Structures are given as structure tokens and as C-alpha cells.
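**Student:** Sequence and predicted structure are below.
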Amino acid sequence: MTFETCNLSITRDGVPVLEGIDLSLPPGGITAIIGPNGAGKSTLLHAMAGLLSPHAGAVRLNGRDLSGIQPGERARSLALLTQDQGVTARLTVADLIAFGRWPHHQGRPGHEDRAAVADAIETFDLGPLAARTLDALSGGQRQRAFVAMAYAQTTPWILLDEPLSALDPRYAHDIMRRLHDLSRTGPDARSVVIVVHDLGVTARFADRVIGLKDGKLFGAGETGDLMTSDWLTRLYDTPMEVAEVGGRKIPFAA
Ligand SMILES: Nc1ncnc2c1ncn2[C@@H]1O[C@H](COP(=O)(O)OP(=O)(O)OP(=O)(O)O)[C@@H](O)[C@H]1O
């Protein structure tokens, strides 16, 4: 199942924020969307999820225009985790994750739904926290629960808008490692698209990178090919270096 944007342009409040974005994402692996603040990363993710209608161009899932896919089928094809989920803090972790199954059961959960919730709780190591309410979790634990909710939707595509913000390195790496594992496990592998600011995490875990700048596609390709000081310096308009430590590339602002 490929995800494409064809000459995608998005206007918000009459102002163009994305222009002529052409992308083709193959299934599997992690794709990181990076770029300066205000470049249009969240806008692109929301457009890919069908929450913003294109001003021009199209988003295509497996060759089909997203606008022609019914909401139920869309919800079974892709899960979007936005920055502001707006759910009540009194919800338990297990209820939150079960909530993600709604498009599948519409209020009448069955065996498959319960199995998906149990799998998400196990995959994201949330067993000891399952009965806790969201307001009784640390920021990192809460983020993990939200990512698990997206995972429990068992969609081929998982779109995550800055799920690592406010996480310390241990939690950030923990979530990325889990996403990395589930994006390459055979026929059930999920395809993950993630908006991220942490370039260290990107260099380490992303298979592909999409760079956005001023609402335009700055570049897209294999992470190893793009993570160079020259490309990052031009993307961020600030001097960037890429150090190599223990065989790993570590980008940083010089
Ligand atoms: N709801 C909205 N209404 C109008 N304009 C918006 C809205 N949301 C975002 N924008 C504008 O669209 C542009 C792109 O914003 P977007 O949030 O997609 O960027 P971003 O790359 O995700 O930024 P950041 O890294 O700061 O989160 C910005 O100029 C922003 O002001």
C-alpha cells in the first residue's frame, strides 16, 4: 500500500502553507518529516490523514484519491495521532487504547478488538499502567499510551505528529525502538510517518526523510543520503554538522 501526494497544495485561512508537494512513500519502515518551525510538517500530516482538503492536487492511498475513500475505510487504513488529542484525563490507559478500536466495532467490541487492545498493551509495555487514569501518568508514559492507541487501530499506516515532544531521551528512544520494530516485522509490518524535531532520533531510526521548508518539498530520500551537514545547513538555514560516533551519525547545530 503506497501513500502518495501529487502536486499537493494546502491553503489555511487563505494563505498557501503547502505548495506542489510530490511524494511517494513505499510501505514499511519509518518516514520522518523534518524541517524548520512553520515549514508545514503538521499540515502535511493532517492532509495525508484527510483532515485538510487540498487546494490543488491530491493525496492517494494505493492509487485511490483519499477524498473518495469513505471515513470508515479511511479510519481502517490510517491512524493519526495529533499533538492535541483532547481526551479526558480521567480515562484509563486501557479505555484510551480501546477507544482507538471504535472505527472497527462502532460501540460493539468483539474478540478481535479485545485482542488488538491486549496486543497494544503488551507491545508498548503498558500492562502495569493499564488501569491507571491518564492524569496519573508521567508525560512520557502518557505519550506511550497515545502511541499504543494509534497502534491498536491495526491500520497499515500510522501517522504521528511530534509524539516525542517533551520526552526525555530514554522515553524517546524507547518509543522509536518499538515503532522501528513494528515497522519491519513481516507481512503485518506497519508503515510509520512521524513529524519529529530530534535529528539524532531521525538519523538513528528513520529509514526515509522528508524535508520541508517554507511550505515546499526541500528534499526526500534515504536517511543516510540526506543527513549531511550541507543538506541540513540549507534546510535549517543555520550551520549544522554531522558527527560520526561509533558508526552512528549524530547531527547537531554547529
Ligand atoms: N489552523 C491554522 N489556521 C491557519 N494557519 C495555520 C493553522 N495551523 C497552521 N497554520 C500555519 O501554517 C503554516 C505551517 O504550519 P505547521 O503547523 O504545518 O508547521 P510545522 O512545520 O508543523 O511547524 P512546527 O515545527 O512549528 O510545529 C504556519 O505558517 C502556520 O502559521
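**Tutor:** Now that the structure is in, tell me what you want to look at.
**Student:** What is the burial count for residue 154?
**Tutor:** Residues contacting residue 154 under the criterion other Cβ atoms under 10 Å number 19. Heads up, the C-betas are built off the backbone N, CA and C, glycines and all.
**Student:** ok, it touching residue 115?
**Tutor:** No. No contact is recorded between residue 154 and residue 115 when judged using Cβ atoms under 8 Å, the distance being 9.6 Å.
**Student:** Just list whatever residues bridge to the residue minimising distance to the centre of the chain.
**Tutor:** For the chain, the residue nearest the mean C-alpha position is residue 160 (2.4 Å; Cα atoms, centre = their mean). Assessed by DSSP bridges, residue 160 has beta-bridge partners residue 81, residue 194.
**Student:** Just the CA atoms of the lowest-mean-pLDDT helix or strand in the chain, as PDB, please.
**Tutor:** Sorting the helices and strands of the chain by mean pLDDT, DSSP states H and E puts helix 102-105 at the bottom, at a mean of 81. Extracted as PDB, the C-alpha positions of helix 102-105 are listed here (Å, rounded to 0.1, in the frame of the first residue of the first chain):
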ATOM      1  CA  TRP A 102     -14.000   2.500  17.600                       C
ATOM      2  CA  PRO A 103     -13.900   2.600  13.700                       C
ATOM      3  CA  HIS A 104     -13.700  -1.200  13.800                       C
ATOM      4  CA  HIS A 105     -16.600  -2.000  16.100                       C
END
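**Student:** Now tell me what touches whichever helix or strand comes after it from outside.
**Tutor:** Later in the chain than helix 102-105, the nearest helix or strand by DSSP states H and E is helix 111-123. Outside of helix 111-123, the residues within contact range by Cβ atoms under 8 Å, 6 or more residues apart in numbering are 93-94, 97-98, 100-101, 104-105, 126-127, 130, 148-149, 151-154, 178, 182.
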